[in-house]
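Peer 1: Pasted the sequence and its predicted model underneath.
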Amino acid sequence: MNGKRLINLAAFSGLLGGPFFLTAQPDSFKEITKGVWFREGDLKGHGHCNNIVIEMKDYLVVVDANFPSGAQRLMADIKKVTKKPVKYVFDTHHHGDHAYANAVWTKAGATTIGHEGVVAEMKAREPKRWLEAAKEREDVRALNLKTAEPPKETFSKSPHVITDGTRRLELHHFGWAHTKGDGFLFMPAEKIVATGDAVVNGPYNYTSDGNVGNWPNVVKGAQKLGATTVLPAHGPHGGPEILAGELAFMTELRKAVEAARKSGKKLEGVVKMEKGAPKSTTLTLPPAVKNWVGDFLPMQVFDAWKELEAGKPRGDLNI
Ligand SMILES: [Zn+2]
């Protein structure tokens with residue numbers, strides 16, 4: 001998600017007829033399996049993303065830098081469970097709630113790493129967003145930097161493997177969904193995947209830097225990994241049903257917008273704007289994807305529409 005947009009957290013239990021979807025537990029820190037912790041960020045209160053901590057033999061790997069205040073909360077939680085140092089912080093993409101604490105981690109001795117698309121996105125969009133965030137957020141302002149710090153290491157070949165002989169971590173890139181730098185972390189032995197914002201568990205899909213048309217292909221790439229535990233960057237963790245739901249949501253979104261356009265409707269009749277931003281929409285999506293439908297729907301419809309209209313990804317139109 002883009003950290004500026006905050007939305008109400010909802011309870012997800014009972015969705016799709018199963019006990020799969022846990023209720024949101026902001027600021028909870030729990031061990032998913034031995035040496036793997038999932039920290040659910042306080043999205044509503046502070047715009048924090050979720051974090052994952054993975055214990056290797058002599059060091060730790062963290063998924064997502066978070067905003068600086070989120071990084072500080074995570075560091076405090078880590079201290080309660082281990083004395084090992086954080087060696088790598090994997091930015092799943094360039095958004096502030098995932099990467100703006102990069103400088104906090106590098107100062108603490110860690111190496112930040114991301115797909116080369118993370119750096120490309122920062123080059124295209126910064127320092128504008130950093131300066132906006134610094135106006136609004138004390139934690140970003142307090143770093144006293146002129147722009148976002150890009151990941152120190154990048155990878156282009158997927159998967160990029162991190163291993164110390166005891167545990168294998170694969171950093172994957174399946175193409176452009178939420179951003180051009182979308183990265184997934186997969187643990188083949190444990191069958192755990194951390195998805196970044198390309199797959200979320202709840203109404204958190206920010207589409208304005210995205211590629212709605214290609215989004216389902218990226219999720220299909222992640223599905224092929226065969227993970228049984230899915231750790232999204234926003235919303236509670238769960239199983240493969242989160243991947244299936246994300247895929248269905250993006251497919252239904254595009255289908256609904258295509259159908260409206262084919263029926264001769266105009267964008268102004270489908271999305272109502274207020275102060276230059278999408279405010280409401282007449283389009284509805286099937287009940288099966290309701291876990292992903294929320295306050296962002298007008299923006300998502302608007303972005304999908306613009307993408308279809310221009311014949312190129314929304315993210316390229318939003319620079
Ligand atoms: Zn994001």
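Peer 2: Done, it's in. Fair warning: this is a prediction, and the values are worked out from it, not measured in the lab. Numbers count the residues shown, from 1 in each chain.

Peer 1: The residue located most distally from the centre of the chain: which element?
Peer 2: Within the chain, Gly264 marks the point farthest from the mean C-alpha position, 33.9 Å out by CA atoms, centre = their mean. Using DSSP states H and E, Gly264 falls within no helix or strand.

Peer 1: So what's the predicted local confidence for it?
Peer 2: If you check Gly264, the pLDDT there is 98.

Peer 1: For the protein, give me the ranges with low pLDDT.
Peer 2: 1-22 (pLDDT under 70).

Peer 1: how about the strands in it?
Peer 2: 29-33, 36-39, 51-55, 60-63, 86-90, 111-115, 153-155, 160-163, 168-172, 184-187, 192-194, 229-231, 271-274, 277-281 (DSSP state E).

Peer 1: what's the spacing between the nearest residue to Ser158 once chain neighbours are set aside and the ion?
Peer 2: Closest residue to Ser158 apart from its sequence neighbours, by CB to CB, 6 or more residues apart in numbering: His173 at 4.4 Å. The C-beta positions use only the backbone N, C-alpha and C, and glycine is treated the same way. According to CB to the ion, to the nearest Å, His173 stands 15 Å off from the ion.

Peer 1: got it, and Pro85?
Peer 2: 27 Å.

Peer 1: Check Gly41 too.
Peer 2: 12 Å.

Peer 1: In contact with that residue, which residues?
Peer 2: Pro26, Asp27, His48, Cys49, Asn50, Asn51, Asn66, Gly70, Asp97, His234 (CB atoms under 8 Å, 6 or more residues apart in numbering).

Peer 1: Check the residues you listed against the ion and report the nearest one.
Peer 2: Asp97 (6.7 Å; CB to the ion).

Peer 1: And the longest helix anywhere in the chain, how far out from the chain middle?
Peer 2: If you go by DSSP state H, the chain has its longest helix at helix 241-262. Relative to the chain's own centre, helix 241-262 is displaced by 18 Å; criterion: CA atoms, centre = their mean, to the nearest Å.

Peer 1: Can you turn the buried part of the contacts of Gly41 into a PyMOL selection?
Peer 2: This is how PyMOL selects the buried members of the contacts of Gly41, with burial counted by 16 or more other CB atoms under 10 Å:
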select buried, resi 48+49+50+51+66+70+97+234
